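Undergrad: When you get a sec, could you give me coordinates for this:
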Amino acid sequence: MPTVVVIGGGWAGCGAAVAAKKAGAEKVVLLERTDMLLGTGLVGGIMRNNGRFTATEEAYALGGGDLFDAVEEAARHRNIEFPGHLHVTLYDVARIEPAVRKVLDKYGIIYNTQVRVRDITMNGAQIKSVITDSDAEIYGDVFVEATGTAGPQGHCSKYGNGCVMCIIRCPAFGPRISVASRAGVTEMIGRKGDGSYGAMSGSCKLHKESLSQSLVKELNTKGVVIVPIPAELRKSESLTIKACQQYALKEFAENIILLDTGHAKLMSPYYPLNKLRKIPGFENARFEDPYAGSTGNSIRFTALSPRDNALKVKGVDNLFCGGEKAGLLVGHTEAIVTGTLAGHNSVRQVHGKNLLVLPESLAIGDAIAHVNERMQTEEGLKLKYTFSGANYFQRMQEKGLYTTDVNVIKERVEKTGLTDIFAKPVKIF
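TA: Residues are numbered from 1 along each chain as shown. Model (predicted):
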């Protein structure tokens, strides 16, 4: 029975670990370089908005809903709206990581934090082991890379505004390395609209108690607060540098939009503190993440692995990828579903079974295929793709893939013959 090693404990890595175990892996080892799981999921919090509702329910119908159950357990608000986004669930960023650990414990997954992979060993075109900072060598039959695309620290200086002390915490826990790159794979770099490399994370978090009592009360009650920005304090130019292009709307330039994720999530990649504090209610505002949110945010999409639609990395016989490593996909839902497919296929690979490619009649399958195709073009590398907005959500609507009718989604999955496919062990014989 196979041993699956997952590198990176964000949403994609956790999704891969759960899926591999459910697919029949005897042993699943999850390695995370920091002291907590989930990475940017620790400061995220937005789920089920727009087409993410459809993708979430597809995941449930496919048998891969475990991490979405954790989201529900940690939810602060359900079915709220803010500009451009409907039927939103906001989870509590302080409660989500323990909820995810419970899922991993349930399946007997071995997860180790503060274990940074610094190198690998190869046997021909296969990865034999990963080597950690403590010189431990961890062997596996198949590997899933879910290390994300933010960091190392130098990338934020090279492509952004320098290290802004974000939740990735490179100075404390060491830089992220690319397993695919160590294996000799030439990776791609995403671009901003102007052609420069990388993309800036799309939001900041404010310390809620630093806001006025009236703002905090409204935020806790409604889950969302919208405050008009005086014209002279607007910074609409920052919208074009965001990774999260689903929020690059006029309303986000003309208003302060806050979401309650435990923190006050500010839907802007950064905001000069001297300007922010001139807006009523924000006189004492303080950034919670990144701490230097007055000057910039973390830079992402600097290490995209070439892969097929089964999420197998091209050029390495036993490496799969999920989350941002799998392409210009933005968001937690996107990370979970790609990680789930990668983890499931890792077990199929060991057993010599045909790898699963989700059909394009499903939103998840269509997104994986569409992003893969678009990443082969110069123009496609300048775009970001998400179920929740921008160009891909428009594609979902045009293809009739977007729906909030759960029964329709279940029937759609049933027609593919893949109902509960992620809940079943891979058949060996």
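
Undergrad: what helix or strand does residue 59 sit in?
TA: Assigned by DSSP states H and E, residue 59 belongs to helix 51-61.

Undergrad: just checking, what packs against that helix?
TA: Counting contacts by 3 or more Cβ pairs under 8 Å, 6 or more residues apart in numbering; DSSP states H and E, helix 51-61 is packed against helix 66-73, helix 332-350, helix 363-374, helix 390-398, helix 406-416. Heads up, the C-betas are built off the backbone N, CA and C, glycines and all.

Undergrad: Put the alpha carbons of it into CSV.
TA: Extracted C-alpha coordinates of helix 51-61, given in CSV (Å, rounded to 0.1, in the frame of the first residue of the first chain):
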residue,chain,number,x,y,z
GLY,A,51,-19.5,30.3,-8.4
ARG,A,52,-17.7,28.9,-5.4
PHE,A,53,-21.1,27.8,-4.2
THR,A,54,-21.4,25.5,-7.2
ALA,A,55,-17.8,24.2,-6.9
THR,A,56,-18.4,23.5,-3.2
GLU,A,57,-21.5,21.5,-3.8
GLU,A,58,-19.8,19.6,-6.6
ALA,A,59,-17.0,18.7,-4.2
TYR,A,60,-19.6,17.4,-1.8
ALA,A,61,-21.3,15.3,-4.5
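
Undergrad: quick revisit: burial-wise, tell me which of the helices and strands packed on helix 51-61 comes out on top.
TA: Mean neighbour count (mean count of other Cβ atoms under 10 Å) peaks for helix 332-350 among those, with a mean of 29.

Undergrad: The helix holding residue 59 relative to helix 406-416, how many degrees between them?
TA: Our comparison of helix 51-61 with helix 406-416, counting by axes from the mean of the first three to the mean of the last three Cα atoms, to 10 degrees, yields an angle of 50 degrees.

Undergrad: Figure out how far helix 51-61 is from the centre of its chain.
TA: Centre-to-centre, helix 51-61 and its host chain are 15 Å apart (Cα atoms, centre = their mean, to the nearest Å).

Undergrad: that older thread, ok, which of the helices and strands packed on helix 51-61 comes nearest residue 156?
TA: Closest to residue 156 of the helices and strands packed on helix 51-61, according to Cβ to Cβ: helix 332-350, at 20.2 Å.

Undergrad: For that closest one, enumerate the helices and strands it packs against.
TA: Packing partners of helix 332-350 (3+ Cβ pairs under 8 Å, 6+ apart): strand 3-7, helix 11-22, strand 46-47, helix 51-61, strand 142-145, strand 319-321, helix 363-374.

Undergrad: does residue 218 belong to a helix or a strand, and which?
TA: Using DSSP H and E, residue 218 maps to helix 213-222.

Undergrad: Other residues contacting that helix?
TA: By Cβ atoms under 8 Å, 6 or more residues apart in numbering, the residues outside helix 213-222 that reach it are 77, 80, 208-209, 211, 225, 227, 258, 260, 264, 281-282.

Undergrad: Can you name the next helix or strand after that helix?
TA: For helix 213-222, the following helix or strand on the C-terminal side (DSSP H and E) is strand 224-228.
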